[in-house]
Structures are given as structure tokens and as C-alpha cells.
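> please find the sequence and the predicted model below.
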2 protein chains.
Amino acid sequence: MHKTLSAIVLSVILVACGTSGLSPLRGTGDLGIIVERASGSVLIVDTSEHEVLHRVTGLGDLSHASAVFARDARYAFIFGRDGALTKLDLLTGQIAARNQHSGNSIGGAISQDGRHIAVSNYEPGGVRVFSSDKLELVKDFPATRKPDGGGSKTVGLVDAPGNRFVYSLFDTGEIWMVDMDTPSQIKKFTQVGRQPYDGLLTPDGRFYIAGLFGEDGMALLDLWHPEQGVQRILPGYGRGEEKLPVYKMPHLEGWAVAGRLAFVPAVGHHQVLVVDTNDWQQVDTIAVHGQPIFVMSQPGGRQVWVNFAYPRNRHIQVIDVESREVIHQFEAGDTALHMEFAPRGEEVWISVRDDNKVCIYDTETFDEKTCLKAEKPSGIFFSHRAHKIGL
Amino acid sequence: MHKTLSAIVLSVILVACGTSGLSPLRGTGDLGIIVERASGSVLIVDTSEHEVLHRVTGLGDLSHASAVFARDARYAFIFGRDGALTKLDLLTGQIAARNQHSGNSIGGAISQDGRHIAVSNYEPGGVRVFSSDKLELVKDFPATRKPDGGGSKTVGLVDAPGNRFVYSLFDTGEIWMVDMDTPSQIKKFTQVGRQPYDGLLTPDGRFYIAGLFGEDGMALLDLWHPEQGVQRILPGYGRGEEKLPVYKMPHLEGWAVAGRLAFVPAVGHHQVLVVDTNDWQQVDTIAVHGQPIFVMSQPGGRQVWVNFAYPRNRHIQVIDVESREVIHQFEAGDTALHMEFAPRGEEVWISVRDDNKVCIYDTETFDEKTCLKAEKPSGIFFSHRAHKIGL
């Protein structure tokens, strides 16, 4: 009798509280995740209280993992290096769905309407699109075949306005644009340059830019005018003729666009380049501490924060956009890998991998507010990304 | 015995589910509110499903009501015309806190760190700041006294980076800036122009601009350089010497900033003005259907949507930013009052007051997707505003 009653009570609770178990109601606008790359886990964090809510394990190989968010900001979609796509419930810390879709993948995007998740694959190449509710395969976009067989690796996948996805084909030097409302019509731009290795969309959703590994310069596609085709910009951008030792190719999604200027990590040089986005000419060079990896704009665009490649990866520098001068620098710790700003810019979170911590800084005073423990943290992603184009 | 058991079950459920009663877990990134001005109520809407979740009544006089959102996107703070400030729980539809703080107020803002809610008052003038958790009075900033007694009306209150609030004093022609970290030090700019009636902050958080009712021109404060004081811009902006009949002064918070250009509603004229934000010079004029009220930029900035004052308030026009041409127009219905874009720009919601409906349009095809019933709807506010500066 007693056991029956307990069972009834428990099931009523579970029904009454939805599928959530005992998770309390809360908003999802101030949640985020921190990727723990070595242990295949992520931390779910509360950015208001600066605390860890859940540690979720069993996500596979998370080196270079990235994430996007559902339009309700409840779910994160995490792209693992091993071809796994995981839908994570930020409220409960439970895995809502998971799909081992390929052998080897690199990043993804969520469509403007929130219905589709696209993943770009190294192996077997191409892009696959899944439903955001249950991660069911909706569409497969195989890539152009390489001369030696197999589909081209795809990289630099972004969402774009008009329910589009745009991405680059590494092996065959192409940029493709697909429209999820008319998926059979793929716009293909060929011979855009040798070995595009990454891509970005400007924050206004207009320009797609691919970096080239196989030659200098970049490929630019104006999504407002695809009929004009792909143009080459910044002809000197890259490793150059001397083939400088490059410890790590900089991330393009780290480009900071502040007003009409873009702040761009130079390749191999200890420089941040300033580019006028009106005509894509380089207008200035800022000397910095090392080879920049991420060059990120504070929301509002007054500051640009920079971290660096090995062996200068303990430091962070802050550039004042107006004067284009380094106004602050500090040692964050051993291997300061990634940065993420609070959506209104008052704080920045920095993962310091080999010190096993994530530290939070005030962007006005530069004071360290607190640090959270994390195991080999890398990427940090906050849920307001749900509302951004091209992230 | 049975009753006791039921009571136990019920209380366990309530404890297990938190203070939420039986509301299910859900994300808050795709919620919003629609103000029903005549009935003192608001609708809580789900922008993914296009449905009304709750109608909340008893909010008092909501003519010209506006709202801001907590940084967790769970709570809306609604500023009523009658001096009431209401904290609304979007998950449960319950009023979490309410404060009748003054006799007559007009708008408010939430601080960058999310801890403070500021309200600007007509009567007795000045600005009051409340804690965002319980709406307890934290700070009172009385305004300069008018010659005939009483504090100046305050208008155009916005939040700004650095935990600041900026606002204008209508009767005494001032702009004040307060820093919530050092609230005793108020920066006061006097003689900024006659009768500032509204203000806006540019989306990057840099420029505060006040419109003037008592003379032509506008007052501009560069928050990166407050030491330069307030400058006058757009000397021809206003009702002009002929004192055109102006049915309604346009809203300044409706200014659309797209790239380096601002699209500004002309006063009295059937025009949208194009202003270069580099030097604040007017560079173009676009002829439109009536006296514009709201001139709003689609996220990404490719389109600008315009609605109009009486008697031309049935229509909406869409301007293409690149060509600066009206590319689409349509009749939304009787008195199309307010517009709100989905955060990534794929939809716009328009309240059509005297048809008692809010209609949702696809910004790519311009198709009407659906309409929701609402009683005399006016302002529409989506929860992603939680993550924006100056809204």
C-alpha cells in the first residue's frame, strides 16, 4: 500500500513537472556552455550567478567542438570532432538527442528559422542537415568528388539570412550556398582559391569570407549580390612567399567588426590588421604580443580583445578601437584559448586550458571577478547566440 | 484520509516544481509580450509557435507602455503610463512584483548588469531606480526644479555601457548621465536645446541623441567622449519655421541604423531622412506614404520598415537600404501601430490596433503568415531585447 502510494506520488510529480524531472523553472537567457575538450564533457553555466549548474559527460571527442543554440535558448547543439551531433537540454543537463552522423566533422550552424541543423564533414565530406527537434536526417548535400575519390572536405559552414547555409569545399576550392526552402537548387561558386580552410559571415549577414590555406588572399561572396560571383580581397593576406612558420592558422569567426572596420588576425605575424569593410582595403596594422588567434569585438565595438598562439598563449591584449592602440594587457594563465563576451559587453569569460579554469573579467575595470574550475576548458558559448545571424 | 493524501501529493508537487505551480519547463528565448493598451493587459506569446500563452490583466494604464527584460529573459519589466512598474514572469504568467512608484511615468531601462531598473517620471519628475529582484527603491535622482515648482519631466531614458543611465530633462533642457557604480556623481549637461522630448542610444552604445520639441535640430552626446559636451546636429530637423501640422512626433527609438547610415523619420514631412553617422550630415531623402512614426531596421540592416501617423496609418512601406527605394508596400489594416522583428530578421510582427489583431509577415516573401487576436494591441517586445544595449 505504502509503495503504491509513493509510486503514485512520484508519477504525479513527474507528469506535473513535465519530462524535466525535478528541474526548477528558470529563464534560459543567461545560460551557457563550456567545452571540456579532453574529457568529452561540457559544463552548463549560469552567467548571472557565475556558477556551474551541471557537468554533462559522454559527448565523445570535443577537440575543436563548437555549438549553436535553439531559438528558444533552451537547447545547445554541440558539434563534436568525431562526427557526433548532440542536442543538450540546458535546463535539465540531459542529452535530449544524439546522432553519430559521420566519421569526422568540423562545426555546424542552425537555420534562420531554427528548424534545421547543418553539419560540415571532413569524412565523407559534404554537409548533412538534421531536424532540430529530433536530429533526424532531412537532407544530404554530398560535395564535389576529389580527384583521388571521396567527397571534398567542407569547412566554414555558416547560416545566412533567407534560411540559407553557406560553406566552402577545401579540396576543390568552391563556395556553395543552399537555401533550405528550395534545397534542390544549390548555388555553386568554383575556383574561388586554393584550399579554403575556414569562413565567416559578417555580423550583418551580408558578406561571406573564406580564408585560403593554399595561397594568399581571401575569397569574398556578397550574399546581397550572388550574381556578381566570388571576388578576391586582401591579396597579401596569408603566409606569404617566405612561408613563415605559422603555429596555428587563426580562426576567422574571431574577426571583430566594429563599425565599418574589421580587425583581423594576421597570419604568422605579430599583428592585427585593420580593414575597411567598404572597399576591403587594409588601412592599418597594429603590433601585438604574438601571433593572434582570436580577435574579438566587445559588444558595442569599443574594445577588441586578442589572444595568441603558442608559445605566447599566456597573454591577452585589449585594443581600443578608436585610437587603435593596445590599452591593456595581462597574463591570464597557461594557454588562454577562448573568449566569450556577455551579450551587453560588461564581462568577458576566458578559458585557460592548462590551468583548468575559466576566468571572468570586468571589461570596464579589467579586474578579474572570479574563476570557475573546469577540466581543460576550450570553447565557451552563451545562449544569446541563439539570436545572432551567422554564428 | 483521502483528503490528507491529496493534500500531501499536491504540496509535494508544488515543492518539486518550485514556486511555479504547474508550468512546464521551457526556454525563454522565444517569448515576447504584446501590450493591450485599452484593457490594461498584456499577452505573453511564443514566437516559435505563433501562439498566445497567457493573458495577464490588471496592469493599469498601458497607453505608451514599454518593456525591458531581465538578463535571464524570464521576466519582463513593464512601464505603465500611470507610474506603475510591473515585473511579469513570462513562464507562469504571474505578476512577480509590482510597484506604484509615481503618479505619471514614461518609460524605463535596465542596467547593463541587470541589477537595476530605472524609470523616468513626468510627475513628480526625476528618475527612480529599483532593484530588479523585488522592485525595491534603490536610488532617487530628483530632477532640476522648474521655475514654476516641481521637478522637470524626464524623458528618453536609456541604459548605456558602464552600468550607466542617460536621460533628458524636458522642462530645463538638460541631459544627465548617472553611473550606478558611483551614483552620487551625476554628469549634467545643461542648455542642450529647448524641450528635449525623446532620446535614443545608437545600437553600438556610443551616441545618445535627444530630439527637441521646442526648436529644430537635435542634441548629441558622445558617451566615449563626454568631456566634449553636447553638440548640435541636423539643424534642420524638426517642425521647421512654418510649423507644419504634426499629427504625432515620431519615436526616436525607432531610428534604424544600418551600417554607417541612420534612417530617420522626418517631422511633419512625408519623408525618411538618411543620415551619415560618421559626421551626422543628412545625405539623402526618401519620399514615403505619410508622416513616418517608426522607421525600423531589419536585423542585418538590409530592409527598413516604416509605419505612419494618422490619417495614413493603415499602410506599411519597406525600404531597401542599398538602393534607398521603397520596394514593397501593403495595407496592414486599421491603425498599424508598432512593429517588432524576430531577432534574426526572418519575420516581423505588426500590431493593428483597431482591427484587434497582430499580424506576422515573412520579410523575404512579404507574405502574411498568420494573425493573432489581441485587444487594441500596441507595443510588441520580444525577450531577446534582454541582450541588447540601449533598448
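Great, that's in hand.

> anything in stretch A:279-291 near chain B?
No: applying CB under 8 Å from any CB of the partner chain, one finds stretch A:279-291 separated from chain B by no less than 13.2 Å. C-betas here are computed from N, CA, C, even on glycine.

> can I get that stretch in PDB, CA atoms only?
Taking Å, rounded to 0.1, in the frame of the first residue of the first chain, the C-alpha atoms of stretch A:279-291 are listed here in PDB:
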ATOM      1  CA  ASP A 279      36.200  48.500 -50.000                       C
ATOM      2  CA  TRP A 280      38.000  45.700 -48.200                       C
ATOM      3  CA  GLN A 281      41.300  47.500 -48.200                       C
ATOM      4  CA  GLN A 282      43.800  47.200 -45.400                       C
ATOM      5  CA  VAL A 283      44.100  50.600 -43.700                       C
ATOM      6  CA  ASP A 284      46.300  49.900 -40.700                       C
ATOM      7  CA  THR A 285      48.400  47.400 -38.800                       C
ATOM      8  CA  ILE A 286      48.600  47.100 -35.000                       C
ATOM      9  CA  ALA A 287      51.600  45.500 -33.400                       C
ATOM     10  CA  VAL A 288      50.600  42.900 -30.800                       C
ATOM     11  CA  HIS A 289      52.300  40.400 -28.400                       C
ATOM     12  CA  GLY A 290      52.300  37.300 -30.600                       C
ATOM     13  CA  GLN A 291      50.500  35.500 -33.500                       C
END
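
> next, the buried residues of stretch A:352-368.
A:352-353, A:355-361, A:363-364 (16 or more other CB atoms under 10 Å in any protein chain shown).

> quick one: it to chain centroid distance?
From the chain centre to the centre of stretch A:352-368 is a distance of 20 Å (CA atoms, centre = their mean, to the nearest Å).

> which pLDDT value goes with residue A:55?
You'll see residue A:55 listed with a pLDDT of 98.

> so residue A:267 is in contact with residue A:250, correct?
Yes: using CB atoms under 8 Å, residue A:267 makes contact with residue A:250 at a distance of 6.4 Å.

> mutual contacts of the two, please.
residue A:291 (CB atoms under 8 Å, 6 or more residues apart in numbering or on different chains).

> OK, contacts around the residue most central in space within chain A?
Centrality entry for chain A: nearest residue to the mean C-alpha point is residue A:66, 5.2 Å, by CA atoms, centre = their mean. By CB under 8 Å, 6+ apart, residue A:66 lies in contact with A:78-79, A:107-108, A:379, A:381.

> which residues does it bridge with?
Taking DSSP bridges as the rule, residue A:66 bridges to residue A:79.

> ok, residue A:32 next?
Assigned bridge partners for residue A:32, using DSSP bridges, are residue A:45, residue A:382.

> need the per-residue pLDDT for it.
98.

> quick one, what contacts it?
Neighbours of residue A:32 in contact, by CB under 8 Å, 6+ apart: A:44-45, A:47, A:340, A:349, A:380-383.

> which of those ranks first by neighbour count?
When those are compared by neighbour count (other CB atoms under 10 Å in any protein chain shown), residue A:383 ends up highest, at 31 neighbours.

> distance-wise, check the closest residue to that one other than its chain neighbours relative to residue B:383.
Spatially, and ignoring its direct neighbours in sequence, residue A:383 is nearest to residue A:73 (4.2 Å; CB to CB, 6 or more residues apart in numbering or on different chains). Here the criterion is CB to CB, to the nearest Å. By it, residue A:73 lies 9 Å from residue B:383.

> okay, and the common contacts of the two?
Shared contacts of residue A:73 and residue B:383, counting by CB under 8 Å, 6+ apart, come down to A:29, B:28-30, B:73.

> dump these into JSON lines; add secondary structure, neighbour count and distance to residue A:127 as well.
Listed next are the shared contacts of residue A:73 and residue B:383 as JSON lines, based on DSSP: H, G, I helix; E, B strand; the rest coil; neighbours: other CB atoms under 10 Å in any protein chain shown; distance: CB to CB, whole Å:
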{"residue": "A:29", "secondary structure": "coil", "neighbour count": "30", "distance to residue A:127": "30"}
{"residue": "B:28", "secondary structure": "coil", "neighbour count": "28", "distance to residue A:127": "31"}
{"residue": "B:29", "secondary structure": "coil", "neighbour count": "30", "distance to residue A:127": "25"}
{"residue": "B:30", "secondary structure": "coil", "neighbour count": "26", "distance to residue A:127": "26"}
{"residue": "B:73", "secondary structure": "coil", "neighbour count": "30", "distance to residue A:127": "31"}
